[in-house]
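I'll drop the sequence and a predicted model, then ask my questions.
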Amino acid sequence: QVQLVESGGGLVQPGGSLRLSCAASGSIFSINAMGWYRQAPGKQRELVAGFTSGGRLNYADFVKGRFTISRDNGKNTVYLQMNSLEPEDTAVYYCNAAISTVVPVGLTENDYWGQGTQVTVSS
């Protein structure tokens, strides 16, 4: 059983900052990719930033250098530092990870989602 637990969301004024955390726990063999998505009301879920299975970083264009993703492999945790927040950043932010676990026949990779954390940017 694998779980992703997010924290760090909240209400912030325009121009403010927040730091989101996502910790993976359970019977993890390896974390192959990990990142953040967001979904605003009435919109589709979209990628914000993430580490690919090849170790590359991807950022959405709307990040514009305002957000930084980082990770602590020893803690199975990924962070999203969000600066210069704008009202348009208001959304539920979800952690996503592709994780391999051990099964009787070897390894299997599955896609996992956290429960989401609300980020509201408003004055």
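Right, received. Where do you want to start?

Dig out what T117 forms beta bridges with.
Y93 (DSSP bridges).

That one contacts L20, doesn't it?
Yes - the pair formed by T117 and L20 meets the contact definition of C-beta atoms under 8 Å, at 6.3 Å. All C-beta spots, glycine's among them, are computed from the backbone N, C-alpha and C.

Now the common contact residues for those two.
Taking C-beta atoms under 8 Å, 6 or more residues apart in numbering as the contact rule, T117 and L20 both touch E6, S7, G8, G9, Y93.

Which one of those residues is nearest to V102?
E6 (25.0 Å; C-beta to C-beta).

May I ask which helix or strand encompasses that closest one?
strand 2-7 (DSSP states H and E).

Remind me what that strand packs against, helices and strands.
Where contact means 3 or more C-beta pairs under 8 Å, 6 or more residues apart in numbering; DSSP states H and E, strand 2-7 is packed against strand 18-26, strand 91-103, strand 106-113.

and of these, who's closest to D72?
Nearest of the helices and strands packed on strand 2-7 (C-beta to C-beta): strand 18-26, 9.2 Å.

do you know how far the residue nearest to the spatial centre of the chain is from V78?
With distances taken as C-alpha atoms, centre = their mean, the residue of the chain nearest its centroid is W36 (2.6 Å). Using C-beta to C-beta, to the nearest Å, W36 is found at 7 Å from V78.

Spit out the residues that contact the two alike.
If you check W36 and V78 against C-beta under 8 Å, 6+ apart, the residues they both contact are C22, I69, C95.

Counting neighbours, what do you get for A40?
14 (other C-beta atoms under 10 Å).

closest one to R45 among the helices and strands packed on strand 2-7?
strand 91-103 (7.0 Å).

Alright, I will stop here.
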